[in-house]
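> Need coordinates for the following:
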Amino acid sequence: MSSEQHAESILDETVPSAYLRHGDAAKEQPEPAFPELIHHAEKRDQPSAQTTSSGSGTVVSPAARAGPKESDNEKSNQRASSESSGGSSPSSPPPLQLARSDTLNRQTSVDSYGNTYPEGGLRAWLVVYGSFSGMTASFGLMNTIGTYQAYLSTHQLSHLDESTIGWIFSIYTFMAFFCGVQIGPVFDAKGPRLLVLAGTLCMVGGTLGIAESTELWHFILSFSLAAGLGTSLIFTPAIGSIAHFFLIRRASATGLATTGGSIGGIIFPLMLQRLFPHVGFRWATRILAFIFLFQLIVANILIRSRLPPPPKGSPATSMWPDWRIFKNLTFCLTTAGTFFVEWALFVPLTYITSYSIAHGISPSFSYQLLAVL
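Sure thing, here's the model as predicted:
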């Protein structure tokens with residue numbers, strides 16, 4: 001029997017039975033893909049044309065009747081699927097992977113060294129709140145130095161001139177910022193835990209010492225050295241810890257945390273103005289110390305770091321300043337600009353209250369000027 005006759009016998013036995021399931025109208029339709037049936041009849045011994053034996057002859061399986069076009073389509077679909085899963089076509093990833101990638105970009109970011117940053121989440125925002133609490137205490141005291149300068153120049157240290165009293169606050173500001181040169185590398189190598197704890201002891205102890213001070217050297221020890229060192233030990237890790245959780249949103253998170261200093265600079269001068277005449281200098285300063293203690297306990301609990309420590313032997317493991325950073329001209333100019341900004345900032349913060357009193361403004365409004373500034 002020739003191949004054509006064999007194919008015709010296959011049609012007679014298989015195709016009409018399929019058409020009859022769709023009614024008489026199906027019989028009037030042209031026979032489907034007759035050349036393909038001939039092709040499969042000629043290739044029936046190959047694996048792609050699967051056949052089964054029955055009592056009335058050889059029946060071609062539906063996969064065989066589908067023809068080579070559908071097989072080619074299946075192969076092309078499999079190739080497309082494998083390319084999508086294998087990543088060989090990055091321009092058109094599957095929708096699930098694309099959505100997953102978009103979510104990843106919104107929640108995390110990666111720097112040039114391969115470090116990942118969550119850019120948010122409960123733990124990250126708790127660190128921001130801990131930094132906010134720590135800087136409310138540290139920068140709050142720094143923004144209150146004008147109140148203490150005006151009070152000391154008219155009470156405990158009234159027998160000294162303004163230039164001598166100014167040494168207390170000049171040394172305090174120097175300690176608060178200059179110590180960060182050493183505290184920064186220690187934070188990078190060891191983390192913030194011990195630094196914030198030591199800062200809490202120095203700052204609370206120094207504030208309690210201010211309450212008991214009566215002489216110039218008392219204030220230099222308690223205010224300038226102890227409280228100044230405590231301020232640096234707290235706000236340097238507070239700012240550095242935020243950088244462990246934020247990269248793209250780092251400026252926003254840091255700005256939010258540093259508003260604590262502004263809030264402290266408003267509340268504490270007004271609070272001291274009210275407390276000095278009612279409870280005296282000693283208890284007013286003690287109350288301030290207790291407020292600092294509460295805020296710094298929150299800072300000790302919440303301030304954390306998350307980036308892995310630097311590998312042993314790398315320059316980052318050294319707890320000494322790396323002066324090679326000054327080879328970068330951009331860094332040097334930025335540092336110089338910040339230096340002059342701070343220089344211009346703390347002169348009015350220190351003397352605006354006493355200057356206003358000396359020029360006939362009422363003491364109550366002179367203390368309020370510091371909060372307004």
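
> The lowest-mean-pLDDT helix or strand in the chain: what's the following helix or strand?
Least confident helix or strand, the chain: helix 95-107 with a mean of 39, by mean pLDDT, DSSP states H and E. Per DSSP states H and E, the first helix or strand lying C-terminal to helix 95-107 is strand 109-110.

> what's the helix or strand for G280?
Using DSSP H and E, G280 falls in helix 250-302.

> where are the low-confidence patches of the stretch 1-150 of the chain?
Across the stretch 1-150 of the chain, the ranges flagged by pLDDT under 70 are 1-107.

> swap the cut-off to 80 and go again
Low-confidence segments of the stretch 1-150 of the chain (pLDDT under 80): 1-107, 111-114.

> where along this protein do the strands fall?
Along the chain, the stretches classed as strands by DSSP state E are 51-54, 57-60, 109-110, 116-117.

> Look at R304 and say how many residues are nearby.
For R304, the count of nearby residues is 17 (other C-beta atoms under 10 Å). Where C-beta positions appear, they are placed from N, C-alpha and C, glycine not excepted.

> distance of it from F294?
Going from R304 to F294 by C-beta to C-beta, to the nearest Å gives 19 Å.

> what does L329 give?
Using C-beta to C-beta, L329 is found at 44 Å from F294.

> These two: who's more crowded?
Between L329 and F294, F294 has the larger neighbour count (other C-beta under 10 Å), namely 12 against 8.

> And the more buried one, what's its pLDDT?
Per-residue pLDDT puts F294 at 96.

> what do you get for T334?
Looking at T334, its pLDDT reads 91.

> which residues does it contact?
Contacts of T334 were listed using C-beta atoms under 8 Å, 6 or more residues apart in numbering, and none were found.

> Then Q273?
147, 364, 367-368.

> quick one: which of those residues has the most company?
Sorting the contacts of Q273 by how many neighbours each has (other C-beta under 10 Å) puts T147 first, at 25 neighbours.

> And the nearest residue to that residue once chain neighbours are set aside, how close does it get to F340?
Leaving aside its chain neighbours, T147 sits nearest to P269 (4.5 Å; criterion: C-beta to C-beta, 6 or more residues apart in numbering). The gap separating P269 from F340 is 25 Å, by C-beta to C-beta.

> of these two, who's got more company?
Taking other C-beta under 10 Å, P269 and F340 do not tie; P269 has more neighbours (26 against 9).

> Need the per-residue pLDDT for the more buried one.
90.

> That one contacts Y367, doesn't it?
Yes: between P269 and Y367 there is a contact at 5.9 Å, judged by C-beta atoms under 8 Å.

> Now for those two: what residues contact both?
T147.

> residues making contact with stretch 206-220?
Stretch 206-220 is contacted by residues 141, 148, 152, 156-157, 160, 164-165, 167-168, 171, 221-223, 225-230, 281-283, 285-286, 288-289, 292 when judged by C-beta under 8 Å, 6+ apart.

> Of these, just the buried ones, ChimeraX syntax please.
Under the burial definition 16 or more other C-beta atoms under 10 Å, those of those that qualify are selected in ChimeraX by:
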select :141,148,152,156,157,165,168,171,221,222,223,225,226,227,228,229,230,281,285,286,288,289,292
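
> Please give me every residue in contact with H155.
H155 is in contact with F281, counting by C-beta under 8 Å, 6+ apart.

> Now it. Its backbone dihedrals?
Dihedral pair for H155: phi -130, psi -100, per degrees, to the nearest 10.

> With M142 as the reference, measure out to it.
When distance is defined by C-beta to C-beta, H155 is 21 Å away from M142.

> cool, S356 as well?
20 Å.

> So for these two, which sits in the more crowded spot?
A count of neighbours by other C-beta under 10 Å puts M142 above the other of S356 and M142, at 24 against 20.

> Touching, that one and G261? I think so.
Yes: with contact defined as C-beta under 8 Å, M142 reaches G261; the gap is 7.1 Å.

> Helices of the stretch 51-200 of the chain, start to end?
With DSSP state H, counting those that start in this stretch, the ranges of helices along the stretch 51-200 of the chain come out as 62-65, 67-86, 95-107, 122-142, 145-152, 162-178, 180-190, 193-212.

> which residues does L197 contact?
The contact partners of L197, by C-beta under 8 Å, 6+ apart, come to N300.

> From G166, how far out is it?
On the measure of C-beta to C-beta, L197 and G166 end up 31 Å apart.

> same check, this time on Y113
For Y113, the distance to G166 (C-beta to C-beta) stands at 44 Å.

> try D188
Going from D188 to G166 by C-beta to C-beta gives 34 Å.

> Those two: which is more packed in?
Per other C-beta under 10 Å, whichever of D188 and G166 has more neighbours is D188, with 19 against 15.

> Need the distance between the two termini of stretch 141-154.
Length of stretch 141-154, first residue to last, C-alpha to C-alpha, to the nearest Å: 20 Å.

> contact partners of it?
For stretch 141-154, the surrounding residues in contact (C-beta under 8 Å, 6+ apart) are 160, 162, 165-166, 168-169, 172-173, 176, 203, 207, 210, 219, 223, 227, 231, 261-262, 264-265, 268-269, 272-273, 276, 281, 288, 292, 346, 349-354, 357, 363, 366-367, 370.
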